[in-house]
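Enquirer: Dropping the sequence and predicted coords here.
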Amino acid sequence: MWEVLSVFVISLLLAYPLGGYLATILQDRPMKSDSVFKWIEKPIYALMGVKNNGMNWRQYLSAFLLSNVCLLIFSIIILMTQAWLPLNPDHVPNMSWDLALHTSISFLTNTDQQHYSGQAQLSYFSQMTMITGLQFLSPLIGLTLVVAVLRALFLQSNHNKNEKTWDSINLGNYWRDIVRVLFRFLLPITFAFSLLLNSQGVPSTLSAGPTVQTIENNSQHIPLGPVAAMVAIKQLGSNGGGWYGPNSAAPLENPTPFSNWLEMVAILLIPLAVIFMVARFVQRKKLMWMIFGSMLFMSIISTSLSLWTEQYSLQPNDALLEGKEVRFGAESSALWSALTTQVNNGSVNMMHDSQSPLTGLIEMCNMLINAIWGGIGCGLLQFLIYLFLAVFIAGLMTGRTPEIFGYKIETTEIKLLSVVILLQPIVILMLTAIALANPALTGNSNPAFHAISQVFYEYTSAYANNGSGFAGLGNNTVWWNVSASIALLAGRYSTLIVPLLIAVSLASKQKVAQSKGTLNIESVTFALMLIGIVLILTLLQFMPVLVLGPIADFLSIQV
């Protein structure tokens, strides 16, 4: 319990001031640090032709899509040519087109779902440029979109009320947001964290790994590399993709109990800071506390259930260490699994395929909800989707036109909202059904109920941009690489783009004066209603597959 409490308390204490600092950066106002950072930022702005002017929704989304397409093409080229590029002391071959496509989309979407073993199939150059580079940029892309949504909803008071249109809404400058947060926030924190990890024994070298003699008198090659920097950003950036195949269960990624604790704090740190950023950025402290309280409540329930199911739901209890690092034990592994699926992180310090079926059920629910803390920016955007839905349902229940932040939710917003709500079950359940109907495609390591869990977890993780896996699948095939890529793209871009369109649509309307009948969304009552809607929505849409998968798997073990 001390580990659980210390992870949450330290994360909160660090995240609160970081959230205020992040808000100051994104307000794009003069700062004391300008004298230092202007020497870095000005040449970049000049090279990119970036000016200090705002963008409307077309310009903002165009810049967003352009950056994503360019990064995707660049990443695929690197992976398919890495054998001919420098910094390849282990002579790693080029990737196949389908694996390069999946890997590039996975890291571009802040998912880091890995159908490869990093130390064997990526060169140092690929790890340092494509993998680590996207681990810095992909969380920033999500953050810029949530900031654009907040600007649309709360920072449009200077517009002429009689001339407000979609194109008149100022969303800020996409390029400036990314550059400022990258150099003033993410790089400094990652640098400090990588030094802490290196002090615990995480490697940081460009030399080839040594070949050693084992106690069985065999030779073994130990892959090294600049691992500490990647592990730092994989945790801080809600990425999760590891340098080694076993991820943070590998001793070289996670050598000590202190490094294990540090990495769990890092998983929570920036998603929490983004929530606290809301209060200063839009001057709505009550809204921030409502969001934080709702997420914290769901997190406590999820974490408590994960700890309980992993400790007590399997008998005999000696089975609990199967698939887990004895350095950490079942309890610490269960805590990590809860946090990594509450956040869109996906890193692991155990093999999720070996845990209790009920623990797997909780992880699936965490990813289906995708807004307990969520990823950097994406978690808050997903929460806003649930918030819009809860306001709409509350309006129907009270017989009033739904209103939020002084704007009426009407036909356009509901149509957009229905797209993002319905897309999740359509994509996940359709791909799961196709895979299970054609067993030759899946390469399952287990039959019956656990096989359903393995396949469903893979697509749920991809759609939620989480990246963790049940393993047990032969997933480096054309089918898995292409189908998982579809889920990755659908989950990422629907969550980023649709809330922005809803926010712009709302901001283009005339504000409605508050009255006694106005719904108070910053109350405890509304927060509990919102949580209820989230849980009911998740359970109703996916209850059949949850029953056929993890629940049936658990019951079959107990018989």
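Expert: Cool, the structure landed. Only a predicted model underlies this, so the values are computations on that prediction, with no experimental measurement involved.

Enquirer: just the CA coordinates of stretch 490-502, formatted as CSV?
Expert: Provided in CSV are the C-alpha atoms of stretch 490-502 (Å, rounded to 0.1, in the frame of the first residue of the first chain):
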residue,chain,number,x,y,z
ALA,A,490,-9.6,4.9,-36.4
GLY,A,491,-9.1,5.2,-32.7
ARG,A,492,-6.5,8.0,-32.9
TYR,A,493,-8.0,10.4,-35.4
SER,A,494,-11.6,10.1,-34.5
THR,A,495,-10.7,11.1,-30.9
LEU,A,496,-8.6,14.0,-32.0
ILE,A,497,-10.6,15.5,-34.9
VAL,A,498,-14.3,15.0,-33.9
PRO,A,499,-14.1,16.9,-30.5
LEU,A,500,-12.3,19.8,-32.3
LEU,A,501,-15.1,20.0,-34.9
ILE,A,502,-17.7,19.8,-32.1
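
Enquirer: So what touches it?
Expert: The contact list for stretch 490-502 (Cβ atoms under 8 Å, 6 or more residues apart in numbering) reads 57, 60-61, 64, 109-111, 141-142, 145, 148-149, 152, 171, 370, 377-378, 381-382, 384-385, 388, 413, 416-417, 419-420, 423-424, 427, 462-465. (C-beta placed from N, C-alpha, C; glycine too.)

Enquirer: redo that, cut-off 6 Å
Expert: 109, 145, 148-149, 378, 381-382, 384-385, 413, 416, 420, 423, 427, 463, 465 (Cβ atoms under 6 Å, 6 or more residues apart in numbering).

Enquirer: now, which of these lie within helices?
Expert: 145, 148-149, 378, 381-382, 384-385, 413, 416, 420, 423, 427, 463 (DSSP state H).

Enquirer: And the furthest pair within these?
Expert: Pairwise distances across these (Cβ to Cβ) peak at 24.6 Å, for the pair Ala148 and Val427.

Enquirer: Could you check which of those two has the larger neighbour count?
Expert: In this view Ala148 and Val427 are compared by other Cβ atoms under 10 Å, and Ala148 has more residues nearby, 28 against 20.

Enquirer: Please tell me how far the more buried one sits from Ser445.
Expert: In this view, Ala148 and Ser445 are 43 Å apart by Cβ to Cβ, to the nearest Å.

Enquirer: repeat for Ile77
Expert: Distance of Ile77 to Ser445, computed by Cβ to Cβ: 34 Å.

Enquirer: now the helices for the stretch 201-350 of the chain?
Expert: Using DSSP state H, counting those that start in this stretch, the helices of the stretch 201-350 of the chain run over 227-236, 257-282, 285-312, 329-342.

Enquirer: Give me the pLDDT value at the closest residue to Gly54 other than its chain neighbours.
Expert: Of all residues not flanking Gly54 in the chain, Asn170 sits nearest, at 3.9 Å (Cβ to Cβ, 6 or more residues apart in numbering). Asn170 carries a pLDDT value of 92.

Enquirer: so where does Asn170 fall, helix or strand?
Expert: Using DSSP states H and E, Asn170 sits within no helix or strand.

Enquirer: Now for Ile291: which residues touch it?
Expert: Ile291 neighbours (Cβ under 6 Å, 6+ apart): Ile275.

Enquirer: got the residue ranges for the strands in the protein?
Expert: Taking DSSP state E, the strands of the chain run over residues 211-213, 219-221, 403-404, 407-408.

Enquirer: Can you tell me which of the ones you listed is packed in deepest?
Expert: strand 403-404 (a mean of 22; mean count of other Cβ atoms under 10 Å).

Enquirer: neighbouring strands for that one, and are they parallel or not?
Expert: Counting by DSSP bridges, the strands paired with strand 403-404 are strand 407-408 (antiparallel).

Enquirer: gap between the closest residue to Arg400 other than its chain neighbours and Lys51?
Expert: Distance criterion Cβ to Cβ, 6+ apart; nearest residue to Arg400, sequence neighbours excluded, is Gly517 at 6.1 Å. To Lys51, Gly517 is 45 Å away according to Cβ to Cβ.

Enquirer: do Arg29 as well
Expert: 17 Å.

Enquirer: Chain neighbours aside, what residue packs nearest to the one residue sitting closest to the centre of the chain?
Expert: Most central in the chain under Cα atoms, centre = their mean is Asn344, positioned 2.6 Å from the mean C-alpha point. Take Asn344 and drop its neighbours on the chain: the residue closest to it by Cβ to Cβ, 6+ apart is Gly375, 3.2 Å away.

Enquirer: Give me the longest helix you can find in the protein.
Expert: Longest helix in the chain, counting by DSSP H: helix 478-507.

Enquirer: Where does the prediction get shaky in this protein?
Expert: 118-119, 157-163, 313-321, 558-559 (pLDDT under 70).

Enquirer: what about 50?
Expert: 158-159 (pLDDT under 50).

Enquirer: any idea how far the residue nearest to the centre of the chain is from Gln541?
Expert: 19 Å.

Enquirer: which phi and psi does the residue of the chain positioned farthest from its centre have?
Expert: When distances are taken from the C-alpha mean of the chain, Asn217 lies farthest, 43.2 Å away, according to Cα atoms, centre = their mean. Dihedral angles of Asn217 (phi, psi; degrees, to the nearest 10) stand at phi 70, psi 30.

Enquirer: mind listing what it touches?
Expert: If you count contacts by Cβ under 6 Å, 6+ apart, Asn217 has none.

Enquirer: can you check the one 5 residues further on too?
Expert: With Cβ under 6 Å, 6+ apart as the criterion, the residues that contact Ile222 are 209-210.
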